[in-house]
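**Student:** Generate a structure from the sequence data that follows.
(one chain, ligands or ions: 1)
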Amino acid sequence: MNDRSGRRPGRGPDAGSLAVRQMSPGELGATCQVLGLAFADNPSTLANVHGDRDKARRTTERAVRVVKLRSRYSHVLVAEQEGRLAGVLNAVQWPHCQLRAWEKFKTAPTMIAVMGSALPRAFAMMNARAKHDPREAHWHIGPVGVHPGHQGRGIGKALLGSFLDMADEQGCPAFLETDVDKNVALYQKFSFMVIAQQDIIGINTRFMWRAPKRHQAPPAARYERRQRS
Ligand SMILES: CC(C)(COP(=O)(O)OP(=O)(O)OC[C@H]1O[C@@H](n2cnc3c(N)ncnc32)[C@H](O)[C@@H]1OP(=O)(O)O)[C@@H](O)C(=O)NCCC(=O)NCCS
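**Tutor:** Numbers count the residues shown, from 1 in each chain. Down below sits the predicted model:
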């Protein structure tokens with residue numbers, strides 16, 4: 001349970017010094033920096049920028065600010081370890097999880113400046129991913145990132161656990177996409193199931209769904225059940 005400040009005791013090996021809470025507006029810059037560092041080695045991010053790690057970090061840091069964390073629909077959790085911002089989880093509720101046409105138009109000039117020559121590939125990736133977005137109520141999680149110096153210490157699990165407790169209380173499913181095998185295993189531990197996969201710009205991208213506790217059928221199973229009855 002969260003304490004009165006909205007903080008939540010962490011889990012895992014460093015649980016004693018770990019707190020998960022909502023991001024405050026003054027932390028936007030530091031939060032984007034953590035995501036930039038966390039995604040500098042991500043396969044899709046690297047594919048967008050032809051393997052340039054530093055560009056992957058910079059473009060992620062700036063793009064998440066423009067199209068993700070600044071959105072008024074974003075729910076951003078941060079993990080603080082020994083007073084330092086170490087991890088971030090962003091989630092947006094459907095249908096606001098996909099940019100509408102006017103939002104794409106509004107953010108286009110900044111995105112051109114941020115992504116440069118990587119923009120066509122990034123858009124192709126975003127459009128291909130968007131086609132898998134379930135057309136029903138859900139929390140769309142992403143990005144989730146932990147500072148490279150703090151990975152593997154239970155911070156990602158603490159962020160996911162905290163967020164999914166809230167989703168369960170709301171009775172709301174969750175959805176995400178990932179392109180890293182290790183992450184598929186992590187999300188499966190939280191009862192996410194792979195419901196689709198697609199090769200997108202050469203990267204095997206998995207789409208994962210999690211029903212809230214006590215409602216475990218993924219959308220495809222529910223669809224098939226409706227067809228049978
Ligand atoms: C994926 C990520 C958020 C997990 O957070 P974390 O704090 O490193 O993970 P935790 O310590 O809470 O959990 C460890 C589990 O995550 C998985 N994992 C994924 N990436 C890992 C990494 N770089 N280091 C250690 N574990 C990792 C392992 O399966 C591990 O399982 P185990 O505990 O059974 O061994 C984090 O590693 C990260 O930011 N990675 C780079 C960015 C990324 O891929 N984000 C997710 C995109 S879908």
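
**Student:** pLDDT below threshold where in the chain?
**Tutor:** For the chain, the stretches flagged by pLDDT under 70 are 1-16, 215-229.

**Student:** can you map out the strands along it?
**Tutor:** Listed from the start of the chain, the chain has strands (DSSP state E) covering 8-9, 18-22, 74-81, 84-93, 139-146, 174-178, 193-200, 203-210.

**Student:** Make a markdown table from those strands and add distance to the ligand and mean neighbour count to it.
**Tutor:** C-beta: built from backbone N, CA, C; applies to glycine. A markdown table is the format used below for the strands of the chain (distance: least, CB to the nearest ligand atom, whole Å; neighbours: other CB atoms under 10 Å):
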| stretch | distance to the ligand | mean neighbour count |
| --- | --- | --- |
| strand 8-9 | 14 | 17 |
| strand 18-22 | 10 | 20 |
| strand 74-81 | 8 | 20 |
| strand 84-93 | 6 | 22 |
| strand 139-146 | 4 | 23 |
| strand 174-178 | 4 | 23 |
| strand 193-200 | 13 | 15 |
| strand 203-210 | 9 | 21 |
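
**Student:** export those to a markdown table and tack on distance to residue 162?
**Tutor:** Formatted as a markdown table, the entries for the strands of the chain read as follows, by distance: least, CB to CB, whole Å:
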| stretch | distance to residue 162 |
| --- | --- |
| strand 8-9 | 5 |
| strand 18-22 | 4 |
| strand 74-81 | 6 |
| strand 84-93 | 8 |
| strand 139-146 | 12 |
| strand 174-178 | 13 |
| strand 193-200 | 21 |
| strand 203-210 | 14 |
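
**Student:** among these, which is nearest residue 53?
**Tutor:** Go through those one by one with CB to CB and the one that ends up closest to residue 53 is strand 139-146, at 14.9 Å.

**Student:** Can you get me a residue count around the closest residue to the ligand within the chain?
**Tutor:** Residue of the chain nearest the ligand, by CB to the nearest ligand atom: residue 156 (2.1 Å). Using other CB atoms under 10 Å, residue 156 has 22 neighbouring residues.

**Student:** residue contacts, it?
**Tutor:** Contact partners of residue 156, counting by CB atoms under 8 Å, 6 or more residues apart in numbering, are 87, 144, 146, 186.

**Student:** For the closest residue to residue 97 other than its chain neighbours, list each beta-bridge partner.
**Tutor:** Nearest residue to residue 97, sequence neighbours excluded (CB to CB, 6 or more residues apart in numbering): residue 140, at 3.5 Å. When assigned by DSSP bridges, residue 140 has beta-bridge partners residue 92, residue 175.

**Student:** Could you double-check that residue 190 lies in contact with residue 162?
**Tutor:** No. Using CB atoms under 8 Å, residue 190 is not in contact with residue 162; the gap is 11.3 Å.

**Student:** quick one: which of the two has more around it?
**Tutor:** Summary of the neighbour comparison: residue 190 and residue 162, criterion other CB under 10 Å, with residue 162 having more neighbours (21 against 14).
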